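Enquirer: the sequence isn't on hand, but the structure is:
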């Protein structure tokens, strides 16, 4: 059973100085939204650029209400994809409801298609098959 276990693909940090060094090298500015995750970097944040172009004060973090789907800071985790699947199903139901007004059905169909595109792109990404750690 031990030989067939899944390999741990990460790193184990056992020294306090190593933890400090790793935290200094990385920017933990990660914000988990409901159906997306933002790895916020001020230089590439579309929400920040839009605020500046509108003459408003820039914020030092993401503003989910002003999030742009084309922002390069957006990433989708497996948890986000599960939410996207639920949203896609809800939007498809609204799009198929003949009693809903036409503009609402059209908007729901567009949102369902956008969600489907996000899910397909996530599923098409390559999954790492090799471990970067040494076995002992």
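Expert: Everything's here; your move. Source: prediction; values computed, not measured.
Enquirer: quick one: contacts of stretch 48-64?
Expert: Identification of contacts with stretch 48-64 by C-beta atoms under 8 Å, 6 or more residues apart in numbering yields 29, 31, 33, 38, 40, 42, 45, 47, 66, 68, 73. All C-beta atoms are positioned from the backbone trio N, CA, C, and that covers glycine.
Enquirer: between those residues, which is closest to residue 21?
Expert: Nearest to residue 21 among the contacts of stretch 48-64 is residue 29, at 18.2 Å by C-beta to C-beta.
Enquirer: ok, the closest one to residue 40 distance?
Expert: Per C-beta to C-beta, to the nearest Å, residue 29 is found 5 Å from residue 40.
Enquirer: for these two, indicate the residue with more neighbours.
Expert: When residue 29 and residue 40 are compared for neighbours, residue 40 comes out ahead with 21 against 14, by other C-beta atoms under 10 Å.
Enquirer: no further queries at this time; thank you.
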